[in-house]
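A.B. asks: Dropping the sequence and predicted coords here.
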Amino acid sequence: RKYVNGGPGRWKNRQNPKRGAPGMLLTCETGREMKCQREGLEILNHYVQSSTQSVDASRDDKEESSLSLEEELKMLRSRSKSSSPESSAFGVYETGCRGTIFVLCTLPECHLIQPIKTQYMQSKEEAANECNRQAEGSDGQQLEKLRKKQKIDVAAIHVEAEETESRSSKVEASKLSPLLPSEEQEAPSSPNACVWDPIVTIQSIFHDKNNKSISAPSSRFVTRIIPIQATCFASEEEIRLTSTELLKKYLPRKAKTFAVVQKRRLCNGLKGSTIIETIAAIVLKIAPGCKVQLEKPEITVWVEVCKTLCGISVVENADKYHNFNLVAN
């Protein structure tokens, strides 16, 4: 059907965002994926723009109960601009799961945890380092052979090199002498780097939903919006490494109860019991006094698997979000 792949050859040249970044998992009725995607991007871009403009998410909307026609037109125009893919801060990861849209953040430096390294990645890096060392050794041997063949005086070359280095250093020092007082401005920090936390966005969304905000975009096709703090490949090793980094950062050491919620879609190579046992062992290792409680736990480790993509998040008091349902009253 059209809503699965959009026809033969339509998505062949499409590149998915890289795993590791935070995102959101949107759910909808089967057959309304494209409408859910447009609406979900509109909602997310609205809250990302409001956070970058330092707008308080808990503003009182009672004063905005009566809007003029011009204000409503401006609001609709801003929503249409934010929903365009060029201005969007998110990218859609195509998983092939019907009724779901996996959206990942594409902002620079938006990762909430350090990138993980599996055994395969480490072995690949070690092999690359060995190749570089061998190349450097072979280059050195070739240089020695050339020097012997051409009978070049190495001492004279070193003397000339030192003279040229001293001359170049003097010239550079003379050029850079007026810039010495402003050396601190040469390596400025990146002020545009934005660390986007989906948990904060979820709090703002449900705050506006409960207060019936007029300025917030409505949800007609998006039924659930689940926060994802980190993504990885759907394997036991990467889930273990990713959840370890997340729990070290976001798991309160004084937490008394926890639960693991997992949902798998089109993933037969990974068992749900494996996910639960792996994450529960990490939680008990970091917080030994924490106990399992399925009803209203303090900490909920949320795991969503869509084919080969896995998303993990650590949510406090997840019961107040009503299973992240936007349709429920």
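C.D. replies: Alright, I've got the coordinates.
A.B. asks: need the contact list for G311.
C.D. replies: Taking Cβ atoms under 8 Å, 6 or more residues apart in numbering, we find G311 in contact with 23, 25, 102, 226, 228, 230-231, 303-305. Backbone N, C-alpha and C define where each C-beta goes, glycine included.
A.B. asks: Adding distance to G311 and pLDDT, write the residues you listed out as CSV.
C.D. replies: What follows is those, written out as CSV (distance: Cβ to Cβ, whole Å; pLDDT from 0 to 100):
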residue, distance to G311, pLDDT
G23, 7, 95
L25, 6, 96
F102, 7, 95
I226, 8, 96
I228, 3, 96
A230, 7, 96
T231, 5, 96
V303, 7, 97
E304, 5, 96
V305, 8, 96
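A.B. asks: What ranges does the stretch 1-150 of the chain have for its helices?
C.D. replies: Ranges of helices in the stretch 1-150 of the chain, per DSSP state H, counting those that start in this stretch, are 2-5, 33-52, 69-82, 119-150.
A.B. asks: what comes up buried for the second one?
C.D. replies: The neighbour-count criterion (16 or more other Cβ atoms under 10 Å) identifies 33, 36-48, 50-51 as the buried residues of helix 33-52.
A.B. asks: Likewise for stretch 115-128?
C.D. replies: In stretch 115-128, counting by 16+ other Cβ under 10 Å, buried: I116.
A.B. asks: Contacts for it next, please.
C.D. replies: Here stretch 115-128 has contacts from 20, 232, 237-238, 241-242, 245, using Cβ under 8 Å, 6+ apart.
A.B. asks: what mean pLDDT does that stretch have?
C.D. replies: Across stretch 115-128, the average pLDDT comes to 81.
A.B. asks: Packing partners of the helix or strand hosting L247?
C.D. replies: L247 belongs to helix 236-250 when assigned by DSSP states H and E. Counting contacts by 3 or more Cβ pairs under 8 Å, 6 or more residues apart in numbering; DSSP states H and E, helix 236-250 packs against strand 230-233, helix 272-286, strand 299-306, strand 309-316.
A.B. asks: Just send those back as a markdown table, with distance to V195 too.
C.D. replies: Compiled in a markdown table, those are given as follows (distance: least, Cβ to Cβ, whole Å):
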| stretch | distance to V195 |
| --- | --- |
| strand 230-233 | 13 |
| helix 272-286 | 22 |
| strand 299-306 | 20 |
| strand 309-316 | 15 |
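A.B. asks: Can you tell me which of the ones you listed is nearest to L112?
C.D. replies: Nearest to L112 among the helices and strands packed on helix 236-250 is strand 230-233 (6.1 Å), distances taken as Cβ to Cβ.
A.B. asks: Indicate each strand paired with that closest one and its parallel or antiparallel sense.
C.D. replies: For strand 230-233, the paired strands and their directions (DSSP bridges) are strand 309-316 (antiparallel).
A.B. asks: Restrict the strand it pairs with to CA atoms and write it as PDB.
C.D. replies: What follows is strand 309-316, C-alpha atoms only, in PDB (Å, rounded to 0.1, in the frame of the first residue of the first chain):
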ATOM      1  CA  LEU A 309      15.700   0.500  15.900                       C
ATOM      2  CA  CYS A 310      15.400   0.600  19.700                       C
ATOM      3  CA  GLY A 311      14.500   3.600  21.800                       C
ATOM      4  CA  ILE A 312      15.100   3.900  25.600                       C
ATOM      5  CA  SER A 313      14.100   6.500  28.100                       C
ATOM      6  CA  VAL A 314      14.000   6.900  31.900                       C
ATOM      7  CA  VAL A 315      10.800   8.500  33.100                       C
ATOM      8  CA  GLU A 316       9.900   9.600  36.600                       C
END
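A.B. asks: Which one of the helices of the stretch 1-150 of the chain has the poorest average confidence?
C.D. replies: helix 2-5 - the lowest mean pLDDT of the helices of the stretch 1-150 of the chain, at a mean of 46.
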